[in-house]
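> Build me a structure from this.
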Amino acid sequence: MTTAIQPNRTNTCARITTLLLALLLLSLAGCSSVRLVYGHLDWWMDRTLNKYLDLDGPQKELLSRRVDEFHRWHRQTQLPRYADYMEQLATQVDSPDVSPKNLKKIEKQVDDFWHSSVVMLSDLLLPILVELDDNQINQLAENARKEREKSLKKWDKSQRKREKQFRKQAERWLGDLTAEQQAMIDKQVAETSFNPASRIAQRELWTNTFLDTLRNKPQGYESKLRKLLIDPQTLWPDDYRQMQDALRDQGRTLATGILESTTPEQRAHMQETLLEFASDFRHLAAQQH
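Residues are numbered from 1 along each chain as shown. So this is what the prediction gives:
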């Protein structure tokens, strides 16, 4: 699920295996229970959005209602889709197709899941955003600047820390890694061409474009704002797009190598994990919001 609901879809860490779905919940799955995390999702989203938006009382109430509406929609319509797909992937674990064509197919399905949530949330939040006054827009700009600075510091990590993050993601799905698999991850981290400063610069470009449109309100500005929210890639220059494409290619190479080297025990662990997620999603979908 990256925004409070947008995890970075091009982060190679999120593609350790072809079965690691970069969904909204999976970005929070480090907690002990998906059910527990999801039960607090509306609070987490509300809190995160309010970090950026300096809203008055009525606006905060409207934001809370819109977040609740999104949460209810997501629970009732999206979680069953995730469960179905997890169960489908679980049937393929014993004989996984690790061809580039199949990897891209899985990536496309993940992107489709993500896009559905982005569209829904954007349509719910945009009416609030267009009502912000100049002072609130200025505060939004300042809050976004501070978050960019924090994000850059977050990515300024040592190679060993990044290796640890990659291994943690892989172990979540496979259990204990073999020495060969750990070496694959170490090699991937050492050779990854990701430039965090470039991502921060691109985020700043998007933010400035969005805020300028929000301030100046040119003809058709609401459609332009919606387009920016739903498809920020429209602002990607060629060099940045090439970097993101290279990251996906690197992720597929790593995923292929790891999947081809999995042991029977690791495949059993992956299948069990997928089915556990599916079960949690179905349980949550059946609950009343």
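
> how long is stretch 217-233 from one end to the other?
From its first residue to its last, stretch 217-233 covers 21 Å (CA to CA, to the nearest Å).

> Tell me how far that stretch lies from the chain's centre.
Remark: stretch 217-233 is offset 21 Å from the chain centroid, using CA atoms, centre = their mean, to the nearest Å.

> what helices or strands is the strand or helix carrying residue 114 leaning on?
Using DSSP states H and E, residue 114 maps to helix 100-129. Counting contacts by 3 or more CB pairs under 8 Å, 6 or more residues apart in numbering; DSSP states H and E, helix 100-129 packs against helix 57-73, helix 79-90, helix 221-230, helix 238-260. (Glycine included, C-beta is placed from N, CA and C.)

> Swap in 6 Å and give it another go.
In terms of contacts (3 or more CB pairs under 6 Å, 6 or more residues apart in numbering; DSSP states H and E), helix 100-129 is packed against helix 57-73, helix 221-230.

> I'd like the ones you listed as a markdown table, with mean pLDDT appended.
Shown next, in a markdown table, are these (pLDDT from 0 to 100):
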| stretch | mean pLDDT |
| --- | --- |
| helix 57-73 | 91 |
| helix 221-230 | 94 |
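
> burial count for residue 73?
Residue 73 is flanked by 16 other residues according to other CB atoms under 10 Å.

> That one - nearest residue in space that isn't next to it in sequence?
In this structure, residue 73 finds its nearest non-sequential neighbour in residue 120, 5.9 Å apart by CB to CB, 6 or more residues apart in numbering.

> Equivalent analysis for residue 84, please.
Going by CB to CB, 6+ apart, residue 84 has residue 278 as its nearest residue, at 7.8 Å.

> So for whichever helix or strand comes after the helix holding residue 114, what gets flagged as buried?
The helix or strand immediately downstream of helix 100-129 is helix 134-155, counting by DSSP H and E. Across helix 134-155, burial judged by 16 or more other CB atoms under 10 Å covers 136, 137, 139, 140, 141, 144, 148.

> got the residues you listed as JSON lines, with distance to residue 232 and pLDDT columns?
Listed next are the buried residues of helix 134-155 as JSON lines, based on distance: CB to CB, whole Å; pLDDT from 0 to 100:
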{"residue": "136", "distance to residue 232": "21", "pLDDT": "92"}
{"residue": "137", "distance to residue 232": "19", "pLDDT": "93"}
{"residue": "139", "distance to residue 232": "21", "pLDDT": "91"}
{"residue": "140", "distance to residue 232": "16", "pLDDT": "90"}
{"residue": "141", "distance to residue 232": "17", "pLDDT": "91"}
{"residue": "144", "distance to residue 232": "13", "pLDDT": "86"}
{"residue": "148", "distance to residue 232": "14", "pLDDT": "80"}
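
> And those residues, which is closest to residue 71?
Nearest to residue 71 among the buried residues of helix 134-155 is residue 140, at 22.8 Å by CB to CB.

> what packs against the one helix or strand residue 167 maps to?
Using DSSP H and E, residue 167 maps to helix 159-174. Here helix 159-174 touches helix 179-191, helix 264-285, going by 3+ CB pairs under 6 Å, 6+ apart.

> I appreciate the help and will end here.
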